[in-house]
Structures are given as structure tokens and as C-alpha cells.
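Asker: predicted model and sequence follow; I will ask about them next.
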Amino acid sequence: MQRDEIVKRYFQAWLDQNIEPLGSIFSEDIVYSECYGPEYRGLSQILKWFADWNKSGRVLKWDIKNFIHQGMFTLSLIHISEPTRL
């Protein structure tokens, strides 16, 4: 599967509040860094973050503007509508 499609599946998981795709998107030793500082290490931490965040929030819209690939890294430029916190 192409990297762009993997990223799209990840964003769709947030929109759908569906944790299941994350296990096939990320490896056990994933290191995930947010643009504003937080870093998550390991699939179990990603799954916990996703589940906890979605208990009190919901992403309503997530527009992918562009992809940048360099070596083994992929960066996606996005526009997120203000997430709803319940």
C-alpha cells in the first residue's frame, strides 16, 4: 500500500473514531510526534492516546493538503477543523 493511502486510512480512523485500523498502520515500536510537542512511543501508547482522546472529543473534518516524502519519512500537511470536545 502506498504511504499516502496509509496516512488517509489513519485520518479516516480518527473521523470514524475507529481504533481497529491503527494496529495495521503502525508497528509495535512506532514513535509518533505531534507538531506541537507530544510524542508517543509504542503501539500500546498510541492506542491508549486514541481511545482516551475519543472519549471526550471528536474530529469532524480533517483535510489533507499535501504529502512530503523523504526517505522513510512522510509528512502530511493538513487542515483540521476545530475538534469537538464533549
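Answerer: Cool, got the structure.

Asker: can you map out the helices along the protein?
Answerer: Along the chain, the stretches classed as helices by DSSP state H are 3-16, 22-25, 43-56.

Asker: would you put the C-alpha positions of the shortest one in PDB?
Answerer: The C-alpha coordinates for helix 22-25 follow below in PDB (Å, rounded to 0.1, in the frame of the first residue of the first chain):
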ATOM      1  CA  LEU A  22      -4.200   1.500  13.900                       C
ATOM      2  CA  GLY A  23      -2.800  -2.000  14.600                       C
ATOM      3  CA  SER A  24      -2.200  -2.500  10.900                       C
ATOM      4  CA  ILE A  25      -1.000   1.100  10.300                       C
END
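
Asker: so which elements touch it?
Answerer: Counting contacts by 3 or more CB pairs under 8 Å, 6 or more residues apart in numbering; DSSP states H and E, helix 22-25 packs against helix 3-16, helix 43-56. (Glycine included, C-beta is placed from N, CA and C.)

Asker: okay, the angle between the first one and helix 43-56?
Answerer: Helix 3-16 and helix 43-56 are oriented at 40 degrees to each other (axes from the mean of the first three to the mean of the last three CA atoms, to 10 degrees).

Asker: tell me the helices and strands packed up against helix 3-16.
Answerer: Secondary-structure packing of helix 3-16 (3+ CB pairs under 8 Å, 6+ apart): helix 22-25, helix 43-56, strand 62-70, strand 73-80.

Asker: can you list contacts of the longest one?
Answerer: This points to helix 43-56. The list of residues contacting helix 43-56 from outside it, by CB atoms under 8 Å, 6 or more residues apart in numbering, reads 13-14, 17, 19, 22-23, 26-30, 32, 40, 85-86.

Asker: re the thing from before, the helices of the chain: which one's closest to residue 67?
Answerer: Among those, helix 3-16 comes nearest to residue 67, with 5.3 Å by CB to CB.

Asker: in that closest one, what's buried?
Answerer: Taking 16 or more other CB atoms under 10 Å as the basis for neighbour counts, the residues of helix 3-16 that come out buried are 7, 8, 10, 11, 13, 14.
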